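> Predicted structure and sequence below. I'll ask about it afterward.
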Amino acid sequence: MYSCKTRGTCSRSIQFDVVDGVVRDVCFEGGCNGNLKGIGKLVEGMPAQRVVELLEGTSCGPRSTSCPDQLAQALKLALENQKELAEK
């Protein structure tokens, strides 16, 4: 299970898992509760790389980031971490 503090968003953190390259159990702390629960349900079971492709770069109002973008950034780090561990 991964936990990541968000930056520049209303949500404070994101918890999720990536199992065999697939997103599982996304949970945001804070932020727009219903919308973020919906995002978690939509990405459940999707390939993590596809979620990154879909959500990366999403902005929120005048902000250059958003909760979906923060999820994409966290997933990228998780995938890089898993790749590094697999190479050892």
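The structure has been received and is ready for your questions.
> switch to C-alpha atoms for all contacts and neighbour counts from now on
OK.
> Low-confidence regions, this structure specifically.
Scanning the chain for pLDDT under 70 picks out no residues.
> helix/strand/coil for Thr65?
Secondary structure state of Thr65, per DSSP: H, G, I helix; E, B strand; the rest coil, is coil.
> is it true that it touches Leu71?
No: the pair Thr65 / Leu71 is not scored as a contact, 10.2 Å apart, by CA atoms under 8 Å.
> Find the centremost residue of the chain, please.
Here the mean C-alpha position of the chain is nearest to the C-alpha of Leu71 (CA atoms, centre = their mean), at a distance of 2.1 Å.
> what's around the spatially closest residue to that residue that is not a sequence neighbour, how many residues?
Among residues not flanking Leu71 along the chain, Ile14 sits closest, at 7.1 Å (CA to CA, 6 or more residues apart in numbering). Counted with other CA atoms under 10 Å, the neighbours of Ile14 add up to 20.
> Check which helix or strand Ile14 maps to.
Taking DSSP states H and E as the criterion, Ile14 maps to strand 11-19.
> Check which strands are paired with that strand and give the direction for each one.
Strands that pair with strand 11-19, judged by DSSP bridges, come out as strand 2-5 (antiparallel), strand 22-30 (antiparallel).
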